[in-house]
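> what's the 3D shape of this:
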Amino acid sequence: MSAHTASKPESARLLAHLRKLTTRPVLIGTWAHASWAIRFYQKHGFHLVIPEGEKNRLLHTYWNIPEAQVAVSVVLADRETSTLSDSSANG
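Residues are numbered from 1 along each chain as shown. This is a model prediction of the structure:
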């Protein structure tokens, strides 16, 4: 999603639709410096996952990215993530 697209109502509707498809937390990963993206997701009910250890655990569990990218990424979630275990990544 580009900075231009993120402000469009279609993006918000698509995000709302996707969130209705699951009862599990929806996780969004993005660059820590993508402030426009972080603001967009926060506006739509997501929060930054903290502490850093939890963010890193989620990135290692649900994404396949290099360590350098983990260091410069953030995760946003629409609800509590502590119920997600490493074993839930496959299903």
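> State the distance from Gln42 to Arg57.
Using CB to CB, to the nearest Å, one obtains 21 Å as the distance from Gln42 to Arg57. C-beta here means a position set from N, CA and C on the backbone, and glycine is covered the same way.
> Looking at the two, which one has more neighbours?
Arg57 (18 against 12; other CB atoms under 10 Å).
> helix or strand for that one, which one?
helix 52-62 (DSSP states H and E).
> same for that helix, what does it pack against?
Helix 52-62 sits against strand 27-31, helix 67-71, strand 73-77, with contacts defined as 3 or more CB pairs under 8 Å, 6 or more residues apart in numbering; DSSP states H and E.
> mind checking which of the ones you listed is nearest Thr61?
Proximity to Thr61 (CB to CB) singles out strand 27-31 among those, at 9.4 Å.
> Following element in sequence after the lowest-mean-pLDDT helix or strand in the chain, please.
Counting by mean pLDDT, DSSP states H and E, the chain has its least confident helix or strand at helix 3-6, which shows a mean of 53. Where DSSP H and E defines the elements, the next helix or strand beyond helix 3-6 is helix 9-20.
> Show me which residues of that following helix are buried.
11, 15, 19 (16 or more other CB atoms under 10 Å).
> before we move on, what about stretch 65-78?
Buried residues in stretch 65-78 (16+ other CB under 10 Å): 70, 73-78.
> In this structure, where is pLDDT below threshold?
Within the chain, the ranges that satisfy pLDDT under 70 run 1-7, 85-91.
> returning to that earlier point: got a markdown table for the buried residues of stretch 65-78, with distance to His33 too?
A markdown table is the format used below for these (distance: CB to CB, whole Å):
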| residue | distance to His33 |
| --- | --- |
| Val70 | 14 |
| Ser73 | 10 |
| Val74 | 9 |
| Val75 | 15 |
| Leu76 | 14 |
| Ala77 | 19 |
| Asp78 | 22 |
